[in-house]
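S.K.: all I have is the shape, not the residue letters:
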Ligand code: SF4
């Protein structure tokens, strides 16, 4: 690849960045803790959605020490609604590691940063370049897209060979004199100009030399070798209320929504509104063995789309006679008024918001 073409790409990109600066609270931030916080929040999240979370975390935990000292449930509650909860767990675990094992000092080398829990090569490069001015190129979905289109690279981005080729090209293109601004420029360019759908090619300063534009391949790039399979899951929640208490479960299994709370869950191979499917379950027996439990209402279906799974949930509101004794078994019997203190998956929050007036 000609040197002049790479130089053209870099120069045009930096000129575009000078004109199209997006003022965001973490831009130009040098404190590694805050750079890290913003990068973790922005993984898989749109800027508009992540912004209030960044502000909330920065206010509640201004230092890594304060984050390390926070109870895990509190951190999860603050993260509620942002999804990909392993990010919050890893963030918290890494903060504790920094506070307890590194004497409160954020690592200042790429390798040191990369060793923090939940920090992959992309986040490590972002922190290393933004906070410490180290020459590491970021490679994320934006970078794959921009490079594959401009340079006409058709190697699938989800293969080992593709990842290597794009990482090498990204590193060659990086401006070593200003790695932080260069990384920010290519990320912003991918997020606002060279977007996945309907990119702004006609107003793009790179279009006169862009391979995909010239060869009418913009929509076809980048190339992926596999199509992600989506798994469908059917959740039937038993909303059991009795004498001012509600039953909750903390999800501790290695599955989606780890460490979030939910109502007692019956997962079935298909979506059901038949009482018999629920009444004949082991969960029902465990909760109401021999008791006159009544199903008052079955909610409408609620859907939540995750990256590789689609969740369809319904909520079965169940009551017991006033004199009955509720067998909470392995579940937590919590005061209904305290439901708001627990962190739930979005699908449960949506149900609670709708049901709140009549239910709790
Ligand atoms: S011309 Fe279009 S495809 Fe090419 S870099 Fe610009 S926005 Fe992306």
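M.R.: Okay, I see it. Just so we're clear, the structure is a prediction, and the values are computed from it rather than from any experiment.
S.K.: near the ligand, which residues of the stretch 1-150 of the chain show up?
M.R.: Neighbours of the ligand within the stretch 1-150 of the chain, by C-beta under 6 Å from any ligand atom: 149-150. Where C-beta positions appear, they are placed from N, C-alpha and C, glycine not excepted.
S.K.: got the residue ranges for the strands in the stretch 1-150 of the chain?
M.R.: For the stretch 1-150 of the chain, no strands are identified by DSSP state E, counting those that start in this stretch.
S.K.: which residues does residue 347 contact?
M.R.: Residues in contact with residue 347, defined by C-beta atoms under 8 Å, 6 or more residues apart in numbering, are 235, 302-304, 311, 313.
S.K.: surely residue 26 is in contact with residue 34?
M.R.: Yes: contact between residue 26 and residue 34 holds when scored by C-beta atoms under 8 Å: they sit 6.3 Å apart.
S.K.: got the contact list for the residue nearest in space to the middle of the chain?
M.R.: The chain has residue 84 as the residue nearest its centroid, 3.7 Å off, counting by C-alpha atoms, centre = their mean. Counting by C-beta under 8 Å, 6+ apart, residue 84 touches 43-45.
S.K.: which non-adjacent residue is nearest residue 342?
M.R.: Nearest residue to residue 342, sequence neighbours excluded (C-beta to C-beta, 6 or more residues apart in numbering): residue 261, at 4.2 Å.
S.K.: distance of the one you found relative to residue 73?
M.R.: According to C-beta to C-beta, to the nearest Å, residue 261 stands 9 Å off from residue 73.
S.K.: between the two, which one's more packed in?
M.R.: Set residue 261 next to residue 73 and count neighbours by other C-beta atoms under 10 Å: residue 261 wins out with 22 against 15.
S.K.: how close does the more buried one get to the ligand?
M.R.: 43 Å (C-beta to the nearest ligand atom, to the nearest Å).
S.K.: what pLDDT does that residue get?
M.R.: Residue 261 carries a pLDDT score of 96 in this model.
S.K.: quick one: residues contacting it.
M.R.: So residue 261 contacts 248-251, 342-344, 348 (C-beta under 8 Å, 6+ apart).
S.K.: that older thread, among the contacts of residue 84, which one has the most neighbours?
M.R.: Counting by other C-beta under 10 Å, top hit in the contacts of residue 84: residue 45 with 17 neighbours.
S.K.: state the pLDDT value of that residue.
M.R.: 84.
S.K.: what's the answer for the one 4 residues further on, then?
M.R.: Residue 49 carries a pLDDT score of 92 in this model.
S.K.: repeat for residue 329
M.R.: Residue 329 is given a pLDDT of 85.
S.K.: please settle this for me: is it part of a strand?
M.R.: No: with DSSP: H, G, I helix; E, B strand; the rest coil as the criterion, residue 329 is coil rather than part of a strand.
S.K.: what strand or helix carries the nearest residue to it once chain neighbours are set aside?
M.R.: Using C-beta to C-beta, 6+ apart and skipping the chain neighbours, the partner closest in space to residue 329 is residue 286 (5.4 Å). Here residue 286 sits within helix 282-288, counting by DSSP states H and E.
S.K.: relative to the whole chain's centre, how far out is that helix?
M.R.: From the chain centre to the centre of helix 282-288 is a distance of 34 Å (C-alpha atoms, centre = their mean, to the nearest Å).
S.K.: what comes into contact with that helix?
M.R.: With contact meaning C-beta under 8 Å, 6+ apart, helix 282-288 is reached by 238, 240, 247, 264-266, 278, 293, 318, 320, 327, 329, 331.
S.K.: mind doing that once more with 10 Å?
M.R.: 236, 238, 240, 247, 264-267, 275, 277-279, 281, 293-295, 316, 318, 320, 324, 326-331 (C-beta atoms under 10 Å, 6 or more residues apart in numbering).
S.K.: show the average pLDDT along it.
M.R.: 91.
S.K.: show me which residues of that helix are buried.
M.R.: Using 16 or more other C-beta atoms under 10 Å as the test for burial, helix 282-288 gives 284, 287-288.
S.K.: which is the succeeding secondary structure element to that helix?
M.R.: Helix 282-288 is succeeded, C-terminally, by strand 294-298 (DSSP H and E).
S.K.: for that next one, buried residues please.
M.R.: residue 298.
S.K.: could you do stretch 180-199 as well?
M.R.: For stretch 180-199, the neighbour count (16+ other C-beta under 10 Å) marks 180-191, 193-194, 199 as buried.
S.K.: out of these, which touch the ligand?
M.R.: Applying C-beta under 6 Å from any ligand atom to those, those adjacent to the ligand are 193-194, 199.
S.K.: shared neighbours of residue 26 and residue 34, anything?
M.R.: What both residue 26 and residue 34 touch, as defined by C-beta under 10 Å, 6+ apart, is the set 54, 58, 130.
S.K.: in helices, which of those residues appear?
M.R.: Within those, residues falling in helices by DSSP state H are 54, 58, 130.
S.K.: let me know the closest of the residues you listed to the ligand.
M.R.: residue 130 (23.4 Å; C-beta to the nearest ligand atom).
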